[in-house]
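Visitor: please find the sequence and the predicted model below.
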Amino acid sequence: MKVISVKFKENGRAYYFDPADLDIRRGDFVIVETARGTECGEVVRGVHEVSENGFNKELKPVVRMADGVDVRRMHQNHADERRAFEICNQRIAAHGLAMKLVEAEYTLDRNKLIFYFTADNRVDFRELVKDLASHFHTRIELRQIGVRDESKMLGGLGICGQPFCCSRFLKSFQPVSIKMAKEQGLSLNPTKISGACGRLMCCLAYEQKSYEYLNSITPQVGSVVRTPDGEGVVTEVNVIAGTLKVRSNVESLPPKVYKREECVYLRGGRRAPRRPEPEDTGSR
């Protein structure tokens, strides 16, 4: 099916829409209907084809091409959102609510003003909504989000020096567990494996499958292996380089580094390695 990719925020994800037989190119602005209401978005990829299998519901068609008035209104809304953000923060402080405002967002027709916030617990913001509605004279919606969504919205630099993955290219958050850090031999110090959001870094999931496979075919520390120089005990492992540091049972021989292929697992260790499949090793 033919679709276009539309983005509504600079750091936001792109959504698919039906081009409705319009000649739409990258960089154009279009008017579409979303769950939030009528919005103006930028086309980040023109008409292209995708498989229908990945869609659970019918795509919404583009209403029309945006004109100069729509684009100016969109930019004006962005400017007004900054002012609405400041006013809402003042009202939150006045009501003494334990919540952190993240972002304000107008729909294109200004029929709705959405405020995104984070909070540790549920917040009774009914009086705040009434206060904001009387000030802005439009429909007010307060939406609680998670800390990972907050990082995605605000953006920033990670400890690697690169912009956050979530605000740069991740379309959805992947589940990340402490088991991944253990599998990859990383320090379990929370400050070293957590992102700016305070949760485990998304990038822990990128190489997880590779580490799982390499660990499954590599003798672990404490394993007894047979090397070209005789039997010994594995004292250090580098699964990426594919090397083992082995302490020989012969006292006169110092510990030596061997390639994984040079060692034959005998017993012991945290787990026994499996035999690599032919397609894993590249042989036929």
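Guide: Done, it's in.

Visitor: centre of the chain to stretch 121-128, how far?
Guide: Distance of stretch 121-128 from its chain centroid, counting by CA atoms, centre = their mean, to the nearest Å, is 29 Å.

Visitor: go on, stretch 210-218?
Guide: Computed by CA atoms, centre = their mean, the chain-centroid distance of stretch 210-218 equals 24 Å.

Visitor: list the buried residues of that stretch.
Guide: 211, 214-215, 217-218 (16 or more other CB atoms under 10 Å). Where C-beta positions appear, they are placed from N, C-alpha and C, glycine not excepted.

Visitor: mark which of those residues are part of helices, please.
Guide: 211, 214-215, 217 (DSSP state H).

Visitor: Serialize the residues you listed to a markdown table and add fields for distance to E236 and pLDDT.
Guide: Below are those laid out as a markdown table (distance: CB to CB, whole Å; pLDDT from 0 to 100):
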| residue | distance to E236 | pLDDT |
| --- | --- | --- |
| Y211 | 17 | 92 |
| L214 | 15 | 91 |
| N215 | 14 | 90 |
| I217 | 17 | 90 |
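
Visitor: quick check: the farthest pair among those?
Guide: Greatest spatial distance in these: Y211 and I217, 11.4 Å, computed using CB to CB.

Visitor: okay if I get the ones in helices among the buried residues of stretch 210-218 as JSON lines plus distance to F17?
Guide: Shown next, in JSON lines, are these (distance: CB to CB, whole Å):
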{"residue": "Y211", "distance to F17": "38"}
{"residue": "L214", "distance to F17": "42"}
{"residue": "N215", "distance to F17": "43"}
{"residue": "I217", "distance to F17": "46"}
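
Visitor: what is the end-to-end distance of stretch 106-122?
Guide: With CA to CA, to the nearest Å applied, stretch 106-122 spans 24 Å between its terminal residues.

Visitor: let me see the mean pLDDT of that stretch.
Guide: The predicted model assigns stretch 106-122 a mean pLDDT of 90.

Visitor: can you name the next helix or strand after the helix or strand harbouring A84?
Guide: In the assignment (DSSP states H and E), A84 maps to helix 68-95. Later in the chain than helix 68-95, the nearest helix or strand by DSSP H and E is strand 100-106.

Visitor: okay, stretch 147-157 in PDB with CA atoms only?
Guide: Extracted C-alpha coordinates of stretch 147-157, given in PDB (Å, rounded to 0.1, in the frame of the first residue of the first chain):
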ATOM      1  CA  VAL A 147      10.400   9.500  32.400                       C
ATOM      2  CA  ARG A 148      11.500   7.800  29.200                       C
ATOM      3  CA  ASP A 149       8.900   9.700  27.200                       C
ATOM      4  CA  GLU A 150      10.100  12.900  28.900                       C
ATOM      5  CA  SER A 151      13.700  12.200  27.700                       C
ATOM      6  CA  LYS A 152      12.300  11.500  24.200                       C
ATOM      7  CA  MET A 153      10.400  14.800  24.100                       C
ATOM      8  CA  LEU A 154      13.200  17.000  25.600                       C
ATOM      9  CA  GLY A 155      16.200  15.400  24.000                       C
ATOM     10  CA  GLY A 156      19.800  15.800  25.200                       C
ATOM     11  CA  LEU A 157      23.200  14.200  25.100                       C
END
